[in-house]
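S.K.: This is a predicted model, with the sequence first.
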Amino acid sequence: MSSIPTVTSVVTQSWFKVHERLLIVLMVLLAGSWGYSKYADALASKAETKATTAQAVLVQQIQTNTQLAQQTAQQTAQYQQMVQTLTAQNAALLAAIQSDNVILKQQQTKDKTMTPTQLTQRWAQLVPGVAPSASSDGVVLSTGDAQSTVVQLEEVPVLTQDLKSETEIAQNFQNELNAAVTVNQDQAKQITGLKTQLTDQVKADQAEITEIKAKARRSKLRWCLAVLVAGFVGRGLL
């Protein structure tokens, strides 16, 4: 009775010894399959976390971009309205200046043909307080009236220069407004570009997750096939 366990033990030890390599291969395959599965799952989890974070950032950025886009659109509309208003005002002022210049030239032409009496009357209108008089030789003017006239004439070149400067200031202001409109339009384009960039990044992250999972499935399938092949081979050796 005591010899039966000894025979069973010897047979079991002999079977393990004969199939030692096969068992080692199977264990390595199983361990490798399990290890790679964990590695692939970790990669997928990391990619999912990255995609989730990117998605959250995208949602937040879209909200921010929407607010900025609304503000930019509102400011652009205000600037454009201001530009249109100022352009219309400038056009009206320019038309008035051109009309005044025509009247001025007509008056200057008329002044050249005035009689002494007409000239003194016009003189008194242009320089209040002076009293030139007509004579047979022309116009008689006192020293005080002559001084008053010269003082009045001193303003002409200054006013002419002031008008030129004011025109340049108005043009600079117009240029600034046009530049502001351009800046707002560029900001709107940048906001759209950032939104597109973030959307593309999320799509890329999602594609990466899909690829990692696909690779993991293919790898698991290969490991399973290897285990099955090893099992069939081992069965044939038994």
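M.R.: Nice, I can see it.

S.K.: from memory residue 90 sits against residue 167, does it?
M.R.: No. Residue 90 is beyond contact range of residue 167, at 9.4 Å (criterion: Cβ atoms under 8 Å). To be clear about C-beta, it is placed using only N, CA and C from the backbone, and glycine gets the same treatment.

S.K.: ok, the nearest residue to residue 149 once chain neighbours are set aside to residue 50 distance?
M.R.: Spatial nearest neighbour of residue 149, excluding adjacent residues (Cβ to Cβ, 6 or more residues apart in numbering): residue 127 at 5.1 Å. For residue 127, the distance to residue 50 (Cβ to Cβ, to the nearest Å) stands at 84 Å.

S.K.: Give me the local confidence score for residue 83.
M.R.: What the model reports for residue 83 is a pLDDT of 76.

S.K.: Quick check: it is in a strand.
M.R.: No. Counting by DSSP: H, G, I helix; E, B strand; the rest coil, residue 83 is located in no strand; its state is helix.

S.K.: In this structure it contacts residue 179, no?
M.R.: No. Here residue 83 does not reach residue 179: they are 10.7 Å apart, not a contact under Cβ under 8 Å.

S.K.: These two: which is more packed in?
M.R.: residue 83 (15 against 11; other Cβ atoms under 10 Å).

S.K.: Which residues are in contact with the more buried one?
M.R.: 174, 177-178, 181 (Cβ atoms under 8 Å, 6 or more residues apart in numbering).

S.K.: Buried among those residues? Make that a PyMOL selection.
M.R.: The following PyMOL line selects those of the contacts of residue 83 that are buried, judged by 16 or more other Cβ atoms under 10 Å:
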select buried, resi 177+181
